[in-house]
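Attaching a predicted model along with its sequence, questions to come.
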Amino acid sequence: MKKIINSYQRIDKRGIFNEYLNGNQSWKSINGGTMKKGALMGNHYHKKCLTFFFIVSGSAEVFSKNLKKKTAKIEKVKLEKLEGVILDKYETHAWRFLKDSTFLLLKSNKYNENDKDIYESAVMPGKKL
């Protein structure tokens, strides 16, 4: 048996963000946390990483745009409890929480401080809180 220890945690006025697992499975990073109503995350994209965003409780709006398609339009999806989305590489994304929420965020690559693979690209109005 291998004990899994939380590998990263960020706490700020928006809420708590945890990275639970870094490993060799299809999803190499399992993250989660709680966010307050009105909190905004994202407004960036990844060149190397697929992302799965899932609402455990609460609700959020997800905004995305495929940067590889010149004619792509911004898409908006509302997620309720136990709903999620998969975001592709080069798909800029942001989510705004509509209620106090608990979420999971799975990524195909683990976070690397020396190669963050996070590129700013605003897809929705507003500033991060």
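Thanks, I have the structure now. Bear in mind the structure is a predicted one, so any value in this text is a computation, not a measurement.

what about K69, which SS state?
coil (DSSP: H, G, I helix; E, B strand; the rest coil).

what about it, distance to E83?
For K69, the distance to E83 equals 24 Å [C-beta to C-beta, to the nearest Å]. Every residue, glycine included, has its C-beta placed from N, CA and C.

Show me the shaky parts of the chain.
Low-confidence regions of the chain, defined by pLDDT under 70, span residues 1-6, 21-25, 125-129.

make it 90
Counting by pLDDT under 90, the ranges of the chain that qualify are 1-10, 17-30, 52, 70-72, 81-84, 86, 110-115, 122, 124-129.

Which parts of it are strands?
8-12, 15-22, 29-35, 40-45, 51-57, 60-66, 75-79, 83-87, 91-97, 101-107, 119-120 (DSSP state E).

Make JSON lines out of these and add distance to E113 and mean neighbour count.
Output for the strands of the chain, formatted as JSON lines (distance: least, C-beta to C-beta, whole Å; neighbours: other C-beta atoms under 10 Å):
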{"stretch": "strand 8-12", "distance to E113": "10", "mean neighbour count": "12"}
{"stretch": "strand 15-22", "distance to E113": "12", "mean neighbour count": "17"}
{"stretch": "strand 29-35", "distance to E113": "13", "mean neighbour count": "20"}
{"stretch": "strand 40-45", "distance to E113": "16", "mean neighbour count": "20"}
{"stretch": "strand 51-57", "distance to E113": "18", "mean neighbour count": "19"}
{"stretch": "strand 60-66", "distance to E113": "26", "mean neighbour count": "20"}
{"stretch": "strand 75-79", "distance to E113": "29", "mean neighbour count": "14"}
{"stretch": "strand 83-87", "distance to E113": "22", "mean neighbour count": "16"}
{"stretch": "strand 91-97", "distance to E113": "22", "mean neighbour count": "23"}
{"stretch": "strand 101-107", "distance to E113": "15", "mean neighbour count": "20"}
{"stretch": "strand 119-120", "distance to E113": "16", "mean neighbour count": "10"}
